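>>> Need coordinates for the below:
(one chain, ligands or ions: 2)
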Amino acid sequence: MSSQDYDCIVIGAGVQGSFTAYNLAKNNKKTLLLEQFVLPHSRGSSHGQTRIIRKAYDEDYYTHMMEECYQLWSQLEKEANVKLYRTSSLRRTGLLVMGPEQGDYQVFKSTLERNKVPIVILPREEFSQHIPHVNLSQGNAALVDTTAGVLYADRTLKTVQGQFQKLGGVIKDGQKVIDITPGSVVTVTTVSGVYRAKRLVITAGPWANTLLSHTGLQLPLQVIKINVCYWREKIPGSYNVQHRFPCFIQLESEEAKHHIYGLPSNEYPGLMKICYHTGAETDPDERDRQTDRGDIDILQRYITRCFPGLVPIPAVVESCMYTVTPDNHFVLDLHPTHSNIVIGAGFSGHGFKFGPIVGKLLCELSQGEVPSYDLSPFRIRRFQAHSKSAL
Ligand SMILES: Cc1cc2nc3c(=O)[nH]c(=O)nc-3n(C[C@H](O)[C@H](O)[C@H](O)COP(=O)(O)OP(=O)(O)OC[C@H]3O[C@@H](n4cnc5c(N)ncnc54)[C@H](O)[C@@H]3O)c2cc1C
Ligand SMILES: O=C(O)[C@@H]1CCCCN1
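Numbering: from 1, shown residues only. Ligands and ions are numbered 1, 2, ... in the order given. Below is the predicted model of the structure:
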C-alpha cells in the first residue's frame, strides 16, 4: 500500500458522510472524506441553519433509533463543547402534530404512546390557549411530542467535520469523484487525484445514482427540489423560539395531501420557516433551473387559513433537495455485488436528525460488524422490482 491508501474512503461530506467518517476515525480507521464542492457549501441537502429533531414517527423503528440518537447528539455536544440543538429544558420547542382525527394522526399517536414518548394531547377547546396564533382545522386533532426541538444544521456539519479532523481524519474538498473502480482494493478517481482504500462508503445525497453508475447499480431514487420558505410575522415575536413556539407538522390538510411543516422564527429575526414536504423533480446539477412554485401556492393558502399572524407571501425562499425512495425509508446497506462498498442514500427529507446513528451504522457495515439495529427496512433488496442491477 502506498501513502495514498486508506482503510476507508467516504464520498460526500453532507451530514451522513461526515458522521460516518467521524465514526470510522473514532474506530482508528485511516479515513479520507471526499467532497465535490469547497466546504461549507449549500448545493446538497444538509445546508441551512435548522432541522427538526423528534421522536414522533409512524414506525416504531425510527422512534427506537432516536432514543439512542439523542444521546449521541449530546455526546458530540459535550465532546466538542458546542450547542447543536435546542432541547434543553427552557428552549425545548416540542413538535406540534396536527391532522385529521382518523388516519396518519392516529398512527403517530399510537407509536408515541406505545413507545412511552412523553406527549401532551391538546383538546380542541384548549388548543388556542396553548398554541396562540394557529387555527386548528375542522376535524383535526393535535398533540405535542415534548422531546422534539430544533437542530443547528450548518453548525453540526462544521462540528462533526472538525472532530473528524481532530481524530486524524483527512478531508479533501473541491474534489469531485469522477470514477470508481471496485475490487478488493477500491480505486477512487477525483478531478485531481487517485485514492485507494479497502472499503468505500458512498453518501452522495442527490448524486447517489451518478456515483453508483460506476459500480453497475441504480436505485429508484427521485431528486426533488424543495423551496425553503420563510414567512414574516405580522406581530414580531408571535411565532418565536424564545416564546417557546413549537415546530409543527400538519399531516394532511384541505390544501395538501403531503405534510406541511414549520420551525419557529429563530435564524432570521421575525421570519418563520414553513415548507411543503414535496416539490418538483430536478437534476441536482440543474437545481436552480427548476422554477416550479406549486408548493408555494399551497403554502400561501394554508398559511392564510391556519397561521393568520404571518404575511402569506414568502419573505425569503432558499433551495434544498430531497432524495426520495418509493417508500420514503432510507437505504443503509452493502452494495449487492461489491461487499466492501457501503451505501447510505435516499434519506427522503427526514434524515438529518439520524446523522449520528446513520454514521454509526454505516461504519459498522463497512467494518463487517453486525449492525446495532435491524436494517431490514433499509435494505436494497426491497426495491427488487425497481433496481436496474443484477440483484
Ligand atoms: C428543506 C429540507 C428540510 C429538511 N428538514 C429536515 C428536518 O427537519 N429533520 C430532519 O431530520 N431532516 C430534514 N431534512 C433531510 C435532511 O436534511 C437530509 O436527509 C440530509 O441532509 C441528507 O444528507 P446526505 O448526507 O445524505 O446528503 P447531502 O447533504 O446532499 O450530502 C451529499 C454530499 O455528497 C457530495 N457529493 C455528491 N457527489 C459527489 C462526487 N461525485 N464527489 C464528491 N462529493 C460528492 C455532495 O456535494 C454533498 O455534499 C430536510 C431536508 C431539506 C432539503
Ligand atoms: O424530518 C423532519 O422532522 C421533517 C418533518 C417534516 C418533513 C421534513 N422533515
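
>>> For the residue of the stretch 1-150 of the chain at minimum distance from ligand 1, give me its contacts.
The minimum distance from the stretch 1-150 of the chain to ligand 1, using C-beta to the nearest ligand atom, falls at residue 14 (2.0 Å). Quick note: C-beta positions are derived from backbone N, CA and C, even for glycine. Neighbouring residues of residue 14 by C-beta atoms under 8 Å, 6 or more residues apart in numbering: 44, 45, 46, 157, 203, 205.

>>> can you put those residues in CSV and add secondary structure, pLDDT and neighbour count?
As requested, the contacts of residue 14 are exported to CSV (DSSP: H, G, I helix; E, B strand; the rest coil; pLDDT from 0 to 100; neighbours: other C-beta atoms under 10 Å):
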residue, secondary structure, pLDDT, neighbour count
44, coil, 98, 23
45, coil, 98, 23
46, coil, 98, 25
157, helix, 97, 22
203, coil, 99, 27
205, helix, 98, 26
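
>>> which one of those residues is nearest residue 375?
residue 203 (15.4 Å; C-beta to C-beta).

>>> Could you say which helix or strand holds the residue lying closest to that closest one once chain neighbours are set aside?
The shortest distance from residue 203 to any non-neighbouring residue, by C-beta to C-beta, 6 or more residues apart in numbering, is to residue 17 (3.6 Å). Element membership for residue 17 (DSSP states H and E) is helix 15-26.

>>> Which elements pack onto that helix?
Secondary-structure packing of helix 15-26 (3 or more C-beta pairs under 8 Å, 6 or more residues apart in numbering; DSSP states H and E): strand 5-11, strand 31-34, helix 153-166, strand 194-202, strand 341-345, helix 355-366.

>>> Tabulate the ones you listed in JSON lines, adding columns for distance to residue 173.
JSON lines is the format used below for those (distance: least, C-beta to C-beta, whole Å):
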{"stretch": "strand 5-11", "distance to residue 173": "12"}
{"stretch": "strand 31-34", "distance to residue 173": "8"}
{"stretch": "helix 153-166", "distance to residue 173": "9"}
{"stretch": "strand 194-202", "distance to residue 173": "14"}
{"stretch": "strand 341-345", "distance to residue 173": "19"}
{"stretch": "helix 355-366", "distance to residue 173": "18"}
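
>>> what about the closest residue to ligand 2 within the stretch 1-150 of the chain, which helix or strand?
Going by C-beta to the nearest ligand atom, ligand 2 is nearest to residue 52 of the stretch 1-150 of the chain, at 3.6 Å. Assigned by DSSP H and E, residue 52 falls within strand 50-53.

>>> For the stretch 1-150 of the chain, give me the ranges with low pLDDT.
Residue ranges of the stretch 1-150 of the chain with pLDDT under 70: 1-4, 86-91.

>>> just to revisit the earlier point, from the contacts of residue 14, pick the one nearest residue 322.
Nearest member of the contacts of residue 14 to residue 322, counting by C-beta to C-beta, is residue 45, at 6.8 Å.

>>> what about the residue lying closest to that closest one once chain neighbours are set aside, distance to ligand 2?
Leaving out its chain neighbours, the residue that sits closest to residue 45 by C-beta to C-beta, 6+ apart is residue 205, at 4.8 Å. To ligand 2, residue 205 is 15 Å away according to C-beta to the nearest ligand atom, to the nearest Å.

>>> Wait, residue 205 touches residue 44, no?
Yes: counting by C-beta atoms under 8 Å, residue 205 does reach residue 44; the two are 4.7 Å apart.

>>> what do these two both touch?
The contact lists of residue 205 and residue 44 share 12, 14, 284, 321, where a contact means C-beta under 8 Å, 6+ apart.
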